[in-house]
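1. model the structure of this input:
(one chain, ligands or ions: 2)
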Amino acid sequence: MINIQSLTHVYEKGRKINFPDWEVADMEQWLLLGASGSGKSTLLNIISGLLKPTEGQILINNTELYELSAKRMDRFRGKHIGIVFQRPHLIRSLDVLDNLELAAVMAGLKIDHERNLAVLNDLGIADLARKYPDQLSQGQLQRVSVARALVNRPDLLVADEPTSSLDDENAAQVIQMLTSQAKENGAALIIATHDQRVSEHFTKTYLL
Ligand code: ADP
Ligand code: MG
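-> Numbers count the residues shown, from 1 in each chain. Ligands and ions are numbered 1, 2, ... in the order given. From the prediction side, this is the model:
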């Protein structure tokens, strides 16, 4: 599913970040751990095709990610990778269902209305379908973000500090949701966190 070798990244004026080699198999669930500033978000951005690494190799489903053209990369990401950002990236002028539909359109996929409703239903937020992002709580926004990451049936679900802005109860629910949804959808899962509340749920950890 993912194969990382000899990967490094250097931001302009930054230090060199070295990423240990990593192999993630289909449907495995991993925690990406490291102190603040250690490079977790950088690595997730590299894996998601959003940031070209300075050196090294990254294969996703045996595709050398950074050899794809920009257009093919966008399609590849949209089809194979579901991303839950630290703060929900929803389009404010679109309601929840339209935000989900946009995810399909961006990936060049057909809109699957049934699928979108089913995902909302699975996440317990079917009643939010016609609400706008401004009308939702933090916990609800995070659920919608998870829904949007899942609608295209990705092989890989990545989440960057998905619990950092949530209270204990919501944090536990989001972790439970990510792990069970990844499993049900046949996707591998990577959650980046420095949140101690999350680590007890996982056995596979990659440390930065
Ligand atoms: P983490 O997610 O583990 O907190 P990051 O990947 O965000 O770590 O950051 C790793 C290092 O790279 C930090 O030192 C951070 O300041 C630096 N960094 C992150 N993004 C940028 C950027 N866009 N430009 C320059 N430096 C950056
Ligand atoms: Mg980060």
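
2. please report how far Lys131 lies from ligand 1.
-> Lys131 sits 30 Å away from ligand 1, going by Cβ to the nearest ligand atom, to the nearest Å. No exception for glycine: its C-beta is placed from N, CA and C like everyone else's.

3. ugh, wrong one, Ser41
-> Counting by Cβ to the nearest ligand atom - Ser41 and ligand 1 are separated by 3 Å.

4. run a quick neighbour tally on the residue nearest to that residue when sequence neighbours are not counted.
-> Leaving aside its chain neighbours, Ser41 sits nearest to Asp160 (5.5 Å; criterion: Cβ to Cβ, 6 or more residues apart in numbering). Here the number of neighbours of Asp160 (other Cβ atoms under 10 Å) works out to 21.

5. what pairs with Asp160 across the strands?
-> Ala192 (DSSP bridges).

6. which ones are touching it?
-> Listed by Cβ atoms under 8 Å, 6 or more residues apart in numbering, the contact set of Asp160 reads 40-41, 44, 83-86, 192.

7. in a markdown table: the residues you listed, plus secondary structure and pLDDT.
-> Formatted as a markdown table, the contacts of Asp160 follow (DSSP: H, G, I helix; E, B strand; the rest coil; pLDDT from 0 to 100):
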| residue | secondary structure | pLDDT |
| --- | --- | --- |
| Lys40 | helix | 97 |
| Ser41 | helix | 96 |
| Leu44 | helix | 97 |
| Ile83 | strand | 94 |
| Val84 | strand | 94 |
| Phe85 | coil | 88 |
| Gln86 | coil | 83 |
| Ala192 | strand | 95 |
